[in-house]
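K.L.:
got a sequence here, can you build the structure:
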Amino acid sequence: MKPYLLAGFFASSLALSVLAVAPPPRMSAPPIDDLIRQLGADTFAERETAMRSLEGRDDALPVLQEAMKSTDAEVRLRARRLVRSIRSLVAQRRLAEAHALLTSGDVDQAVVLLVEWSDYDTTGQFLEPLFRLVREVLRRERKQYGKTKINSAVVKRFATVQGYLSAQPLQWFSSKQRLTLGGLLGVVRAQSLDLSGDGGHSADASVIVCDGKVTGEGFFNTVVIANGPVDAKGAANCVIICDDAIDFRRAGASNCLVIARGSVRCDSISQSSVFSGGIVTTNDQPDSVVREKQTTFPFGIRFFELERVGLDVEDTKEGSLIRAILPDKVLSSCPLRAKDLITAVGSEKIISKQQLRRLFRSALADRRKLSVTVKRGTEVIKLEIAG
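P.N.:
You can find the predicted model right below:
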């Protein structure tokens, strides 16, 4: 056989062998809209096939929630079943992520998830990583400063979840809206908390996790983790971690560990450690550690910043201007560009960088898409940012 014929033979044989072992092409998943329509198909087999294809697909949730309003009764029924099952699966993932965020010190992002998905944690599983965080920050404060003279009974109370739950009868509250109570001895997860209702107006031996503002007469022997301002007469024997400002001007903080991204105002600070990203205003601070204008926070606590995900932003009169897209970050490859002016997120007009920061934090923590309106040169466009 001639050499070139032999070469051609081997080449043909190799090509055939490659084709023989090549895996079959992957079939792309049917579009979600097609599967939704198939939920109302004429045959039971088709409807069941669509159900199986949609199970576990959290990207289908928004469309399924719309399908719950369908004029087709079969589509409505199956959409409701799917939304319940998918939300349950998503909730378990998000709550696991919240526990991991508490462990890493990213408390404000954890709060977003703990409040949003609180209905799916009715036994307080989040208390274990939260108490672990509290114990760790107190241990590190004692080792480095030793100023927070929190009562040993309080430290013991938060030593174990079982011990805390069995120490006294507790109230349990969860709400994605504002919660108003007269007083508190227990556990709260809510959008915001107001303790000005009928009752004692204070929280004692409690755990408060809020995605917004917390107000009351006082906090005693309590852990407060808040993404909004904390406003009360004062606090004693507390651990308070706040993504905003703290105002205890009418009394003060005694035997407390306070970490606030914003300013702190206290009548007095006694035997406490206070770390603030803003200004600390107080009349007296005996035997205390006070640090202000902090850009990083102690004991492993971190707050969400736009720069950490790739956006260098400044305030303007018209919105938030992107000065630069930072490399190698979560949002480095998103459709936003340097010099884009962000004027709205969803239906909410942007008036400050802090507002933008909170909107991005909530969406990214919960892996939700963001609809962002930007002014790019003379053009106004809407962009979708993946969560």
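K.L.:
from here on, just use CA atoms for contacts and neighbour counts.
P.N.:
OK.
K.L.:
domains for the protein, by residue range?
P.N.:
Domain segmentation of the chain under automatic domain parsing yields 32-95, 127-291, 306-385.
K.L.:
buried deepest among those domains, which one?
P.N.:
Among the domains of the chain, ranked by average contacts under mean count of other C-alpha atoms under 10 Å, first place goes to domain 127-291 (a mean of 20).
K.L.:
elements contacting the top helix by length along the chain?
P.N.:
In the chain, with assignment by DSSP state H, the single longest helix is helix 73-104. With contacts defined as 3 or more C-alpha pairs under 8 Å, 6 or more residues apart in numbering; DSSP states H and E, helix 73-104 has these neighbours: helix 32-38, helix 44-54, helix 61-67, helix 107-116, helix 127-144.
K.L.:
so how far is that helix off the chain centroid?
P.N.:
Between the mean C-alpha location of helix 73-104 and the chain-wide mean there is a distance of 15 Å, by C-alpha atoms, centre = their mean, to the nearest Å.
K.L.:
who does Phe219 form a beta bridge with?
P.N.:
Bridge pairing for Phe219 (DSSP bridges) gives the partners Ala203, Ala235.
K.L.:
surely it meets Ser202?
P.N.:
Yes: between Phe219 and Ser202 there is a contact at 5.8 Å, judged by C-alpha atoms under 8 Å.
K.L.:
need the residues touching each of those two.
P.N.:
Shared contacts of Phe219 and Ser202 (C-alpha atoms under 8 Å, 6 or more residues apart in numbering): none.
K.L.:
hmm, Phe303 is touching Asp108, no?
P.N.:
Yes: counting by C-alpha under 8 Å, Phe303 does reach Asp108; the two are 6.1 Å apart.
K.L.:
have a look at the two and say which one is more surrounded.
P.N.:
Under the neighbour definition other C-alpha atoms under 10 Å, Phe303 and Asp108 were set side by side, and Asp108 has more, 30 against 19.
K.L.:
a helix runs through Ile342, doesn't it?
P.N.:
No: under DSSP: H, G, I helix; E, B strand; the rest coil, Ile342 falls outside any helix and is assigned strand.
K.L.:
that one reaches Gly319, doesn't it?
P.N.:
Yes: assessed by C-alpha under 8 Å, Ile342 is found in contact with Gly319 at 5.6 Å.
K.L.:
what do the two both touch?
P.N.:
Ile350.
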